[in-house]
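Colleague: Give me a 3D structure for the following:
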Amino acid sequence: MLAEIPSDAAEMYLDLLKKSLTRFAFPETYTKVESRRQIRRKYFTWLLYPALQPLLAKENVNLFVESPFDPAARIEGKDWPANAETMVGLKRLENVQYCITQVLQNNIPGDLIETGVWRGGTSIFMRGVLKAYGVRDRILWVADSFEGLPKPDGRYQQDQGDIHWKSNPVLGISLEQVKANFARYGLLDDQVRFLPGWFKDTLPAAPIQQLAILRLDGDMYSSTMDALQALYSKLSPGGFLIVDDYSSTPVCRQAVDDFRAKHQVTEPIQKIDWAGVFWQKTR
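Modeller: Okay, the predicted model is just below:
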């Protein structure tokens, strides 16, 4: 149940937490150059970047480009924040808050988990919601390789040719850094448990008895299917399944649709924004 706490105080805290984690309240004006395509309009620099990049890295010097803030894109999670702990945008964080609030109000049993966390921002927000409502009897599980995405291993032909792993220098945020991000917000405690490793190895053996919230952010067919196969049966009736990439990543959508068809999951899929969807498990 929700703790007895002034609702406006909790809502003010969570609103500020959302806007901090997305940097909506503290927008960046410059973005670190991670690839040549980020400077494609600056022709001279674009030509020199391949030669400059090793020298800059050797001297521990970073190159930045001007990056005007677009509030509409940040709300929808359509841009890539330079420093924010999450890139999902405000709408998907609001959906997380809605789902958690519903399971608390309706006494739906189980813990919370996010599979695929990047810098940890959405998981941090999930812990923040529990904190705001004084919930002490639920665990937040944080599952990630903390190395980026896996190379396709041949188990699923749908992932053939997938190149997400080539972005691992950017996507592979270390466990230490994610823990530091939790600590920055005062939300690293014994209610947060980490599951480091590839989903196919960690999730089937994870010591999770029951879930009320299952949030997937795996991008690939394998990462999405591995999480669904290992964890969906543990999701309580009345709990919520959230998929971050359903409408933006075709192989993620295919994995979800294939799983739903095989296991006769018929609950209607609800849209969150341009990318994310969710449904409430009823049986």
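Colleague: Rounded mean pLDDT for the longest strand that the chain contains, please.
Modeller: With DSSP state E setting the assignment, residue counts place strand 235-243 as the longest strand in the chain. Average pLDDT, strand 235-243: 98.
Colleague: Quick one: the strands in this structure, in order.
Modeller: Going by DSSP E, the chain shows strands at 30-32, 64-66, 111-115, 140-144, 192-196, 211-216, 235-243, 270-271, 277-280.
Colleague: would you turn those strands into JSON lines with distance to Q160?
Modeller: Every C-beta, even on glycine, is put in place using the N, C-alpha and C of the backbone. Below are the strands of the chain laid out as JSON lines (distance: least, Cβ to Cβ, whole Å):
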{"stretch": "strand 30-32", "distance to Q160": "32"}
{"stretch": "strand 64-66", "distance to Q160": "34"}
{"stretch": "strand 111-115", "distance to Q160": "22"}
{"stretch": "strand 140-144", "distance to Q160": "23"}
{"stretch": "strand 192-196", "distance to Q160": "26"}
{"stretch": "strand 211-216", "distance to Q160": "21"}
{"stretch": "strand 235-243", "distance to Q160": "22"}
{"stretch": "strand 270-271", "distance to Q160": "29"}
{"stretch": "strand 277-280", "distance to Q160": "25"}
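Colleague: And the ones you listed: which comes nearest W80?
Modeller: strand 30-32 (7.8 Å; Cβ to Cβ).
Colleague: Give the pairing partners of the closest one; include direction for each.
Modeller: With DSSP bridges as the test, strand 30-32 is paired with strand 64-66 (antiparallel).
Colleague: which residue is nearest the centroid of the protein?
Modeller: Geometric centre of the chain, nearest residue: V117, 4.2 Å, by Cα atoms, centre = their mean.
Colleague: Look at that residue and report its pLDDT.
Modeller: pLDDT, V117: 97.
Colleague: Might one say that it is in contact with V178?
Modeller: Yes - taking Cβ atoms under 8 Å as the contact criterion, V117 and V178 are neighbours in contact, 6.4 Å apart.
Colleague: In the stretch 51-200 of the chain, what residue spans correspond to helices?
Modeller: Secondary structure of the stretch 51-200 of the chain (DSSP state H, counting those that start in this stretch): helices at 71-76, 89-105, 121-132, 168-171, 175-184, 199-202.
Colleague: Show me whatever sits in contact with both of V117 and V178.
Modeller: Applying Cβ atoms under 8 Å, 6 or more residues apart in numbering, one finds that V117 and V178 are jointly contacted by S123, V142, D144.
Colleague: How far does stretch 127-137 sit from its chain's centre?
Modeller: A distance of 19 Å separates the centroid of the chain from that of stretch 127-137, by Cα atoms, centre = their mean, to the nearest Å.
Colleague: can you tell me which residues contact the closest residue to D111 other than its chain neighbours?
Modeller: Spatial nearest neighbour of D111, excluding adjacent residues (Cβ to Cβ, 6 or more residues apart in numbering): I139 at 4.3 Å. Residues near I139 by Cβ under 8 Å, 6+ apart: D111, L112, Q191, V192, R193.
Colleague: hang on, the earlier thing: which of the residues in the longest strand of the chain are buried?
Modeller: L235, S236, G238, G239, F240, L241, I242, V243 (16 or more other Cβ atoms under 10 Å).
Colleague: Quick one: neighbours of the closest residue to Y30 other than its chain neighbours, just the number.
Modeller: Distances taken as Cβ to Cβ, 6+ apart put F64 closest to Y30, at 4.3 Å, once the chain neighbours are dropped. For F64, the neighbour count with other Cβ atoms under 10 Å is 13.
Colleague: what's the answer for I272, then?
Modeller: Neighbours around I272, by other Cβ under 10 Å: 24.
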